[in-house]
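Trainee: kindly return the folded structure for what I paste below:
(2 chains)
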Amino acid sequence: MNVQAWTFLLVAASFALYIGIAVWTRAGSTRDFYVAGGGVSPLANGMATAADWMSAASFISMAGLISFMGYDGSVYLMGWTGGYVLLALLLAPYLRKYGAYTVPDFVGDRYYSRVARVVAVVCAIFVSFTYVAGQMRGVGIVFSRFLEVDVTTGVVIGMAIVFFYAVLGGMKGITYTQVAQYCVLIFAYMVPAIFLSLLITGNPIPQLGLGGTDQASGMALLERLNGLQQELGFAEYTSGTKSTLDVFMITAALMVGTAGLPHVIVRFYTVPRVRDARLSVGWALVFIAILYTTAPAVAVFARTNLLANVSGRPYADVPEWFHKWEATGLIGFDDRNGDGLIQFVGPDAVDADGAPVQNELRVDNDIMVLANPEIAGLPDWVVGLVAAGGLAAALSTAAGLLLVVSSAVSHDLLKRTFLPRISEKGELVAARLAAGAAVLVAGYLGIHPPGYVAQVVAFAFGLAASSFFPAIILGIFSRRTTREGAILGMVAGITFTGWYIVYFALLHPELNNARNWWFGISPQGIGTVGMALNFALTWTVSRFTPEPPAQVQVLVDLIRVPRGAGAAHEISA
Amino acid sequence: MSADPAREGVRRHPSVTDPAARAHQAAYWRANIRYLAVLLTAWFVVSFGFGIVLARPLNAFRLPGTGYPLGFWFAQQGSIYAFVVLIFVYVVLMNRLDRRFDLDEGDDA
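Mentor: Okay, here's the model as predicted:
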């Protein structure tokens, strides 16, 4: 069987599995739909969270980005794992104790205000759509390359699948589908990584291989790569080029954003007890860490392969995979000096006489993981497996996000704000309609994507960090926080961050460089400043506005102790 | 939706009516905050400290027995392992604290 046949087979088999699970576990009540009936075990919930969390950005895009960024890529590794510590210690147990269905629910009740609830709903929808846009581009890339259909058809197939199981199954269906998706995606990620690690370092464990010895040269692998990088005029791999402040800010924005992402937070409402919520964050991070500690190894293997095998090679004898990716437009070769060789070099490259050499190869970050097995000459079934894994990652996250959007509309906007008399059945219908509409919007964003997968996704984190995180943390840890403070803080935080991102990324992309940024902080890192602004405003305004009603303060006391956490339910204080 | 039973439950809850219960809960909360302070300090030091601010100087050293520059290792491997350990330490500490203060949940919640 060839690559395409294997891809069809593995993708179809995995999709059949997800749909089977969705039908098996479909939601019968709103409680099933929003929080899976609150009866998921911490281990299963941890696994589902990991799949929900690890998106096309983690699976497809991240190792490629790290591969190009070297040390600077650490922002994604630390940023997208460190947030789980904040989630476990500062958010998950308390939100579970509170037992609402959604994040805007908590914000609306804690801040005794309809306005706060609506602000939170708007933030949740905004963050979720930014994030979904990134996923859909991932789906498009996988389909366009491996099924050799055009991107639009690929996105439509993907959306049909997500629609089917998110709309039918709700949270309950999604949770068990995501457990299956985690298994598919981690297997698909590890198999090529182990192959590559064996090939390059002789050690089957990628995490050890990365710190091991390169078999071709007998040097430490990272040392060899640093050497190759410098030879070809790139910066040293293990040092990076971003300013320390920017690395700090981006990492912080991603960490805090992780803890503030509504589709992640809501997962901890699905376990039975507070202590299960704590434990399930731990399990989630274990499952995530398996991929996240492998990614830097994959990045280094891919980089070493690319520099050692493609650079300087005659274009006439590049392997087949090169031409296939060329057809998608994601690899481009432009023989500027007409010598028929591929000059793949960095900005500081010079030839033997000291004259500068121009780079002739353009490789899209997003294809590194997908192309890696082919570059290394791994068997065809591994290539197909990676395609299935990439789709599992993109679809599981898209489904989780669509659920947030649909519950924001049906529960937070209709049931809790505008149509309190809506019946349970009506609410469920509204939730499914909202999910359907969200699928269409997400599909549109997938066909007209606004940028690199990981870049678009990183913006969503900035927005989440600057809006929800301070409101939730202060809501739990400071009784004195008032609705006026929280509303002003959320609005100011997300407006400031959104404006900075839109200004540099959309309105003036030509100014988007370190010289024009405030203090050299990139749009990806600005969420940290937005968050600080939000914290400062919320805190200050709360000191000058009437203190929250007694009931709300008692509620805060109750959230702080585990005893008495019932199933997720509606409280109004 | 008016949820009056829940509201009444809040008013009559021992943490409102009984000063001893209130003091007990306050002590529990202080112990919790102390744990958080220690664990979050460790969280900050391994990632922002060793992995970012001190990464360059630490890169002069190797992680013993491997080819990893130390700062690079913290940024791309070590900090992630530390995060996992920190969460499980927190889980154990809090489960113990809940039992000590008799504020834990039953097994059949």
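Trainee: find me the pLDDT at A:P449, would you?
Mentor: A:P449 is assigned a predicted lDDT (pLDDT) of 63.
Trainee: point me to the residue of chain B nearest chain A.
Mentor: For chain B, the residue closest to chain A is B:G67, as judged by C-beta to the nearest C-beta, at 2.8 Å. Every residue, glycine included, has its C-beta placed from N, CA and C.
Trainee: contacting residues for that residue?
Mentor: A:G211, A:G212, A:T213, A:A220, A:L221, A:L222, A:E223 (C-beta atoms under 8 Å, 6 or more residues apart in numbering or on different chains).
Trainee: can you redo these as TSV with distance to chain B and neighbour count?
Mentor: Below are those laid out as TSV (distance: C-beta to the nearest C-beta, whole Å; neighbours: other C-beta atoms under 10 Å in any protein chain shown):
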residue	distance to chain B	neighbour count
A:G211	3	23
A:G212	6	22
A:T213	7	19
A:A220	3	20
A:L221	6	27
A:L222	5	25
A:E223	6	17
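Trainee: output the contacting helices and strands for the host helix or strand of B:R22.
Mentor: In the assignment (DSSP states H and E), B:R22 maps to helix B:19-44. The contact analysis (3 or more C-beta pairs under 8 Å, 6 or more residues apart in numbering or on different chains; DSSP states H and E) places helix B:19-44 against helix A:74-86, helix B:14-17, helix B:79-100.
Trainee: and which of the contacts of B:G67 is nearest A:V286?
Mentor: A:G211 (20.8 Å; C-beta to C-beta).
Trainee: hang on, the closest one packs against B:Y68?
Mentor: Yes - if you go by C-beta atoms under 8 Å, A:G211 and B:Y68 touch, sitting 4.2 Å apart.
Trainee: what's the overlap in contacts for those two?
Mentor: Joint contacts of A:G211 and B:Y68 (C-beta under 8 Å, 6+ apart) are A:L222.
Trainee: list the contacts for A:F195?
Mentor: Counting by C-beta under 8 Å, 6+ apart, A:F195 has contacts A:P373, A:A376, A:L378, A:V382.
Trainee: sorry, back to before: give the next helix or strand downstream of the helix holding B:R22.
Mentor: Next along from helix B:19-44, by DSSP H and E: helix B:55-58.
Trainee: and that following helix, C-alpha only, in CSV?
Mentor: Output of helix B:55-58 as CSV, limited to C-alpha atoms (Å, rounded to 0.1, in the frame of the first residue of the first chain):
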residue,chain,number,x,y,z
ALA,B,55,19.4,30.5,30.8
ARG,B,56,22.4,32.1,29.2
PRO,B,57,24.8,31.7,32.2
LEU,B,58,23.5,28.2,32.9
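Trainee: give me the helices and strands touching the helix or strand just after it, please.
Mentor: Once helix B:55-58 ends, the next helix or strand along the chain (criterion: DSSP H and E) is helix B:70-73. If contacts are counted by 3+ C-beta pairs under 8 Å, 6+ apart, helix B:70-73 sits against helix B:55-58.
Trainee: which residues touch the helix it packs on?
Mentor: A:Y71, A:S239, B:F50, B:P69, B:L70, B:G71, B:F72, B:F74, B:A75.
Trainee: got the buried residues for it?
Mentor: B:A55, B:L58 (16 or more other C-beta atoms under 10 Å in any protein chain shown).
Trainee: quick one: mean pLDDT for it?
Mentor: Rounded mean pLDDT across helix B:55-58 is 86.
Trainee: distance from the chain centre to it, please.
Mentor: 27 Å (C-alpha atoms, centre = their mean, to the nearest Å).
Trainee: now swap in stretch A:532-540 and tell me
Mentor: 27 Å.
Trainee: hmm, that stretch in reach of chain B?
Mentor: No - under the criterion of C-beta under 8 Å from any C-beta of the partner chain, chain B is not reached by stretch A:532-540; the shortest gap measures 14.8 Å.
Trainee: for that stretch, list every residue counted as buried.
Mentor: A:L533, A:N534, A:F535, A:L537, A:T538, A:W539.
Trainee: what's in contact with it?
Mentor: A:466-467, A:469-471, A:474, A:478, A:481, A:485-486, A:488-490, A:492-493, A:496.
Trainee: determine which two of these are furthest apart.
Mentor: A:S478 and A:F496 (21.7 Å).
Trainee: between these two, who's got more neighbours?
Mentor: Neighbour totals were compared for A:S478 and A:F496, and A:F496 leads with 18 against 14 (other C-beta atoms under 10 Å in any protein chain shown).
Trainee: for the more buried one, what are its contacts?
Mentor: A:S466, A:I526, A:V529, A:G530, A:L533.
Trainee: apply 6 Å and report the result again.
Mentor: Neighbouring residues of A:F496 by C-beta atoms under 6 Å, 6 or more residues apart in numbering or on different chains: A:G530, A:L533.
Trainee: residue nearest the centroid of chain A?
Mentor: A:S55 (4.7 Å; C-alpha atoms, centre = their mean).
Trainee: mind listing the strands for chain A?
Mentor: Residue ranges of the strands in chain A, as given by DSSP state E, are A:331-333, A:361-363.
Trainee: helices or strands up against the first one?
Mentor: Counting contacts by 3 or more C-beta pairs under 6 Å, 6 or more residues apart in numbering or on different chains; DSSP states H and E, strand A:331-333 packs against strand A:361-363.
Trainee: repeat that for the last one.
Mentor: Contacting strand A:361-363 under the criterion 3+ C-beta pairs under 6 Å, 6+ apart are the following elements: strand A:331-333.
Trainee: what does the strand it packs on contact?
Mentor: By C-beta under 6 Å, 6+ apart, strand A:331-333 touches A:W325, A:L361, A:R362, A:V363.
Trainee: which of those residues count as buried?
Mentor: A:W325, A:L361, A:V363.
Trainee: which one is the second one nearest to, not counting chain neighbours?
Mentor: Spatially, and ignoring its direct neighbours in sequence, A:L361 is nearest to A:F344 (4.2 Å; C-beta to C-beta, 6 or more residues apart in numbering or on different chains).
Trainee: got the buried residues for the helix holding B:R22?
Mentor: Quick answer for helix B:19-44 (16+ other C-beta under 10 Å): B:H24, B:Q25, B:Y28, B:N32, B:L36, B:L39, B:L40, B:A42, B:W43.
Trainee: okay, the last one: pLDDT?
Mentor: Read that as B:W43. For B:W43, pLDDT reads 95.
Trainee: please name the nearest non-neighbouring residue to it.
Mentor: Per C-beta to C-beta, 6+ apart, closest to B:W43 is A:V85, 4.8 Å.
Trainee: same check, this time on A:F469
Mentor: A:G260 (3.8 Å).
Trainee: that neighbour is in contact with A:A464, isn't it?
Mentor: Yes - assessed by C-beta atoms under 6 Å, A:G260 is found in contact with A:A464 at 3.9 Å.
Trainee: next one: phi and psi at the closest residue to A:E484 other than its chain neighbours?
Mentor: Distances taken as C-beta to C-beta, 6+ apart place A:T545 nearest to A:E484, at 4.3 Å, with adjacent residues excluded. With angles defined as degrees, to the nearest 10, A:T545 sits at phi -120, psi 160.
Trainee: state the phi and psi torsions of A:T482.
Mentor: phi -110, psi 170.
Trainee: can I assume it is in contact with A:T545?
Mentor: Yes - using C-beta under 6 Å, A:T482 is in contact with A:T545, at 4.5 Å.
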